[in-house]
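Undergrad: sequence first, predicted model second:
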Amino acid sequence: MEVFLQQLVNGVSLGSIYALVALGYTMVYGIIKLINFAHCDIYMIGAYIGYYCMTYFGLSFFPSLLVAMTGCMVLGVLIEKIAYKPLRNAARISLLITAIGMSLFLEYGTMFLVSAKVRTYPAMTGFMAKTFHIGNVLVTMQQIVILATTIALMIALQYIVKYTRAGKAMRAVSLDKDAAQLMGIDVNTTISITFAIGSALAGAAGVLVGVYYNTINPLMGVTPGLKAFVAAVFGGIGLIPGAMVGGYFIGIVEVLVSGYGNSMYRDAVVFAILILILILKPAGLLGKNVGEKV
Amino acid sequence: MLELRDLNVHYDMIHAIKGISLTVEKGEIVTLIGANGAGKTTTLRTIAGLKKPTSGSVWLNGQDITETTPRQRVQMGAAMVPEGRHVFSEMTVQENLELGAYLRRDKEGIAQDMEMVCGYFPILKSRRKQTAGTLSGGEQQMLAMARALMSRPEILFLDEPSMGLSPLLVSEIFAIIKTINNAGTTILLVEQNAGMALSVANRAYVMETGSIVLSGTGAELMESDEIRKAYLGGS
């Protein structure tokens, strides 16, 4: 039981990171029907921004988190404006290939700028280094901070999407672009806002993962990015609550597989889940199966 | 108030609208009738700014709006109820109406108009918290019209408001169109249900394969043999 609870605690931390990244995938898909492959690299760049904030500028965790989120927000919007916007009316496959190209550009551009070597996040001290024992289950302050940050961001996101003008515009554009335009909603601005929010969440995830796992490198986004994508599909792509549920589910499954089975299988299990969900419920756990509209 | 001058619209190689001109004067109900595929919807989409014309111009209140965005046209007092309603299905009735007032900042005015449209369509009031997708076809049509009215338009474009509705509901919708017009909103109505459209319209244009082939007052066209044969099912 204790082993299980310990795994659960670890799984929740990993799941928080997947959930934050999955949200960006799902929001962008919801609004322009694009699987933004460059999204996982925005997460990687978030980790680097956090790293430089902490090492070169000596900032503590929260300021670094904010700087990384802001930096990624700008980067996400720029990518959309430069690479995706000109293809707004092109075939979807062109957009997808551009996203893959953008992903490679960010990965190898980062390698060019900061070299491919693995960097180590500074060890957390003081408040962030505290640990707690609940029974025999070890909970670190980092895990608490990860969960608290993720939950705070999710609440903020839900508030924005449900109650603000920009959030309502986002939902309207993702449901029906023409009708949204007829309301006077500026579709381009709304798409930019979506990229900004999704990218900021990925940036936060990047810093959290740096703090939690310590090492970062320019290709660190690839596998977690794929898993976060699986999480988004699992929950129902395009659905914000789906990404949250999917992220935690995938994180917990992965940790349990490593803990009880064999860590060699953890990636295989995650992708097997993708295959299963695509066969059994293609619209995802929270999705409704609807026919393609003509 | 609204004028189209020699408007041409293409979809790739297809010449959908072939140099049409029409005018709508302030306070009128003008209808554009014609068979399926005549280009009525394309004409409305071009007027609303969703489709760019290849040549010709669209004028609103004496200004050339051909190059403006749909958003600017809403700001200038034009609103459209698209064909097939296009309500935001996963949002509540209330949220749909709020989005209709998206460009407005006057909270009090919005609240007043919310009351006004619920007066036109009382069913919406009781459905406020429901998502729009759960409404019946007729209710969705009412919501789409109410939503468009929430921008307080000077001119309202209606695309096939009778589509898929029972005859009883069609009469109800057309009665409300009359009421909206009497309250001061100019209306351009696209319809396949020619009889119903002509009965409420001051003037009408008949479209066939991208061109306007006939125009006149509603009463004149009702009397025309051609129209009776082609659109009204009379002999």
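TA: Noted; the coordinates are in hand. Numbers count the residues shown, from 1 in each chain, chains lettered A, B, ... in the order given.

Undergrad: strands of chain A, start to end?
TA: A:119-120, A:131-134, A:137-140, A:215-216 (DSSP state E).

Undergrad: wait, which of those is closest to residue B:66?
TA: Of all the strands of chain A, it is strand A:215-216 that lies closest to residue B:66, at 52.4 Å by Cβ to Cβ. Using the backbone N, CA and C atoms, a C-beta is placed for each residue, glycine as well.

Undergrad: where does chain B dip in pLDDT?
TA: Residue ranges of chain B with pLDDT under 70: B:232-235.

Undergrad: output the contacting helices and strands for the longest helix along chain B.
TA: If each helix of chain B is counted by residues according to DSSP state H, the longest one is helix B:167-182. In terms of contacts (3 or more Cβ pairs under 8 Å, 6 or more residues apart in numbering or on different chains; DSSP states H and E), helix B:167-182 is packed against strand B:29-34, helix B:107-120, helix B:137-149, strand B:186-191, helix B:194-200.

Undergrad: one more time with 6 Å, if that's ok
TA: helix B:194-200 (3 or more Cβ pairs under 6 Å, 6 or more residues apart in numbering or on different chains; DSSP states H and E).

Undergrad: hmm, who's touching the helix it packs on?
TA: With contacts defined as Cβ atoms under 6 Å, 6 or more residues apart in numbering or on different chains, helix B:194-200 is touched by B:29, B:31, B:33, B:174, B:178, B:189, B:191, B:204, B:218, B:221-222, B:231-232.

Undergrad: stretch B:222-232 too?
TA: Outside stretch B:222-232, the residues that touch it by Cβ under 6 Å, 6+ apart are B:194-195, B:198, B:221, B:234.

Undergrad: how close does residue A:67 get to residue A:78?
TA: 17 Å (Cβ to Cβ, to the nearest Å).

Undergrad: specify which residue of the two has the higher count of neighbours.
TA: Taking other Cβ atoms under 10 Å in any protein chain shown, residue A:67 and residue A:78 do not tie; residue A:67 has more neighbours (20 against 13).

Undergrad: the more buried one reaches residue A:54, doesn't it?
TA: No - between residue A:67 and residue A:54 there is no contact under Cβ atoms under 6 Å: 9.9 Å.

Undergrad: show the model's pLDDT score for residue A:293.
TA: At residue A:293, the pLDDT value in this model is 45.

Undergrad: what is the neighbour count of the nearest residue to residue A:47 once chain neighbours are set aside?
TA: Closest residue to residue A:47 apart from its sequence neighbours, by Cβ to Cβ, 6 or more residues apart in numbering or on different chains: residue A:206 at 3.5 Å. Residues within reach of residue A:206, counting by other Cβ under 10 Å, total 34.

Undergrad: tell me the confidence at residue A:206?
TA: For residue A:206, the predicted pLDDT is 96.

Undergrad: got a list of what it touches?
TA: Residue A:206 makes contacts with A:43, A:46-47, as judged by Cβ under 6 Å, 6+ apart.

Undergrad: again, only this time at 10 Å
TA: A:17, A:20-21, A:40-51, A:65, A:68-69, A:71-72, A:216, A:220-221, A:224 (Cβ atoms under 10 Å, 6 or more residues apart in numbering or on different chains).

Undergrad: how about residue A:225?
TA: A:18, A:21-22, A:24-25, A:36-44, A:103, A:202.

Undergrad: now do 6 Å
TA: residue A:40.

Undergrad: likewise residue B:56?
TA: B:5-8.

Undergrad: inside helices: which ones of the residues you listed?
TA: Short answer: the contacts of residue B:56 have none in helices (DSSP H).

Undergrad: who wins on neighbours among those?
TA: Busiest of the contacts of residue B:56 [other Cβ under 10 Å] is residue B:7, holding 24 neighbours.

Undergrad: how much space between it and chain A?
TA: For residue B:7, the distance to chain A (Cβ to the nearest Cβ, to the nearest Å) stands at 19 Å.

Undergrad: surely that residue and residue B:20 touch.
TA: Yes - in this structure, residue B:7 is within contact of residue B:20 by Cβ under 6 Å, at 5.2 Å.

Undergrad: hang on, residue B:46 is in a helix, isn't it?
TA: Yes - looking at residue B:46 with DSSP: H, G, I helix; E, B strand; the rest coil, it is inside a helix.

Undergrad: that one: neighbouring residues, count only.
TA: Counted with other Cβ under 10 Å, residue B:46 comes out at 24.

Undergrad: now swap in residue A:132 and tell me
TA: By other Cβ under 10 Å, the burial measure for residue A:132, its neighbour count, is 11.

Undergrad: quick one: neighbours of the closest residue to it other than its chain neighbours, just the number.
TA: Excluding the flanking residues, the one nearest residue A:132 by Cβ to Cβ, 6+ apart is residue A:139, at 4.8 Å. Burial of residue A:139 is recorded as 19 neighbouring residues (other Cβ under 10 Å).

Undergrad: and residue A:111, by the same measure?
TA: 14.

Undergrad: OK, contacts around it?
TA: Counting by Cβ under 6 Å, 6+ apart, residue A:111 has contacts residue A:218.

Undergrad: looking at it now. What's its pLDDT?
TA: Reported pLDDT for residue A:111: 95.

Undergrad: and what of residue A:29?
TA: pLDDT, read off for residue A:29, is 92.

Undergrad: correct me, but it touches residue A:235?
TA: No - using Cβ under 6 Å, residue A:29 is not in contact with residue A:235, being 11.6 Å away.
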